[in-house]
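K.L.:
Okay, predicted coordinates and the sequence, questions at the end:
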Amino acid sequence: MISSDELLGLLHSTETFRLERTTSTSDMDKFQEAICAFSNDLPDSRKNGYLILGATDKGELSGLKVDDALMKKISAIRSDGNILPLPVMCVERFEFPEGDLLVAEVSPSLLPPVRYRGRVFVRIGPRRDIASETEERILTERRAAYMATFDATPCIGATLQDLDMDVIENGYLPAVVDAEILSQDNRDIRDKLASIRLYDREHDCPTFAAIILFGKTPRYYMPGAFVQFVRFSGKAIGGEVLNEKRFQGPLYKLLPSLESFVADAIITQRPVAVSLFRERTVINYPNDALRELLMNACMHRDYQANMPVRLYQFDDHVEIMNAGGLYGEARPENFPTVNDYRNPVVAEAMKEMKYVNMFNQGIRRVQDMLRENGNPEAEFDVSKLTVFCVNVPANGVDILQGDTQGDTQGDTQVITISDKELDNWIEQQLLQNPQLSTESLARMCRRSIITIKRHIAKMPHICYVGSGYSGHWEVKDKRNEI
């Protein structure tokens, strides 16, 4: 708030676009029009405006006595709904021997144009008037310029000491700025970072994007800036926790660690027999699909939320959930054909670091990779307003876990067969369906593939004809073998 000495200086100055004096205490329209005009700050001075009650046009005090009722009446202007968006203002009483002054200090709005009862008021020098069409357009364009995304806003309290400057200067800057231009750029490092929106010169501090990408301790400023992995036993939350890990730190460190972990700890592959003498490798999830989804989660998440990116693995699927629902132009009815960027500075940096391509092809590529690997398509839940969730079903099954997912060749019923009856049962199944694989037989009778192969090997009248998926079983008449 303005001090008494500053107020006296304003009081005796020429009335300008920042100042309006009045002796009235009841002309509420006049007061609200003035506050609306100060909020719009047409000259873009970014300086506060002052409505002073109790002073004449010459700057002389009128002898006003400011009571609580007048203070409440003027303070109520802020939230009575006549001025929208709501103005940022404070009201103070100043006492002098000649009388009191009531001062309403109004800050320029970051969301112009501001309207009083639907009309846009501006100050043209000492004069207050309704904005012209051109002036209103200027204010509208300014609003778009002021509406910086969270990652482009200043991280108040942070300094260059909070950033890994060696990585920025020797790794990132050479990647995003032409080498010749960079060699001739003798500006201060703050100016260089400001040119790529990693520093805010007005507040003399890094932006949140800089902290997210290269900060030494991002969670100090954003408690939810990490990825939480949990491996649950079973198919839903509530099962026993088998593994837990937290990935935190700046994205330039976090992303490669996350990539390696997914490839080493989540992605598994195992051989599955397709015939007596041939096997194929089943991969539970395509690595690039999970990578794409996790990169998108880190890029599009709401970093203002305290919720981390959640990577939960279950027996039959992986769930990825991040704070922040669909953003901007993206809507449930047009997803995934339309996308928008909640964190455009972070997205641009991740593209330069080769983690994403920003071609709006990620979802389609994920679905293509899942289909090629034999997985069902991923399910995207865009109905939640505050989070974005995707479920990725696994491909294949683990026979030892008794799972019955994945085969489509007639093994729809799981039964129990004794060892003595197993040979005859296998023979009957292959007579009914010569296309059955040893994996299918194992699943149907809850035995291992090795057991099925061993029993088939003891029956010389059963042989596999052909190769791969095009082959089939032949069961010869046992009497012809005698």
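P.N.:
All right, it came through fine. Numbers count the residues shown, from 1 in each chain.
K.L.:
Leu436 - that's part of a strand, no?
P.N.:
No. Assigned with DSSP: H, G, I helix; E, B strand; the rest coil, Leu436 falls outside any strand and is coil.
K.L.:
from what I can see it touches Trp473, true?
P.N.:
Yes. Here Leu436 reaches Trp473: they are 7.1 Å apart, a contact under Cβ atoms under 8 Å. Every C-beta, even on glycine, is put in place using the N, C-alpha and C of the backbone.
K.L.:
got any residues that touch both of these two?
P.N.:
Leu430 (Cβ atoms under 8 Å, 6 or more residues apart in numbering).
K.L.:
More neighbours: which of those two?
P.N.:
Trp473 (23 against 19; other Cβ atoms under 10 Å).
K.L.:
which residues are contacting the host helix or strand of the more buried one?
P.N.:
Assigned by DSSP states H and E, Trp473 belongs to strand 472-475. Residues from elsewhere that reach strand 472-475 (Cβ under 8 Å, 6+ apart): 427, 430-431, 434-436, 461-466.
K.L.:
List only those of those flagged as buried.
P.N.:
Neighbour counting by 16 or more other Cβ atoms under 10 Å classes 427, 430, 436, 462, 464 among those as buried.
K.L.:
can you tell me which residue is nearest the centre of this structure?
P.N.:
Arg301 (1.3 Å; Cα atoms, centre = their mean).
K.L.:
any idea how far Lys354 is from it?
P.N.:
Between Arg301 and Lys354 the computed distance is 20 Å (Cβ to Cβ, to the nearest Å).
K.L.:
same check, this time on Arg115
P.N.:
For Arg115, the distance to Lys354 - Cβ to Cβ - is 46 Å.
K.L.:
Who has more neighbours out of those two?
P.N.:
Arg115 (18 against 8).
K.L.:
count of neighbours near the residue lying closest to the more buried one once chain neighbours are set aside?
P.N.:
Of all residues beyond its chain neighbours, the one nearest Arg115 is Leu84 (5.8 Å), with distances taken as Cβ to Cβ, 6 or more residues apart in numbering. Residues contacting Leu84 under the criterion other Cβ under 10 Å number 14.
K.L.:
same thing with the one 10 residues further on?
P.N.:
The criterion is other Cβ under 10 Å. On that basis, Phe94 has 20 neighbouring residues.
K.L.:
sec struct for it, please.
P.N.:
At Phe94 the chain is in strand, as set by three-state DSSP.
K.L.:
Return the distance of it relative to Leu242.
P.N.:
67 Å.
K.L.:
pLDDT below threshold where in the stretch 151-300 of the chain?
P.N.:
Counting by pLDDT under 70, the ranges of the stretch 151-300 of the chain that qualify are 272-279.
K.L.:
Now with 90, please.
P.N.:
Along the stretch 151-300 of the chain, the model assigns pLDDT under 90 to residues 152, 174-187, 195-197, 201-203, 234-239, 268-283.
K.L.:
all strands for it, in order.
P.N.:
Along the stretch 151-300 of the chain, counting by DSSP state E, counting those that start in this stretch, strands occupy 199-200, 205-206, 226-232, 241-248, 269-273, 279-283.
K.L.:
Which among those strands is found nearest to Val176?
P.N.:
strand 199-200 (13.9 Å; Cβ to Cβ).
K.L.:
partner strands of the closest one, parallel or antiparallel?
P.N.:
If you go by DSSP bridges, strand 199-200 pairs up with strand 205-206 (antiparallel).
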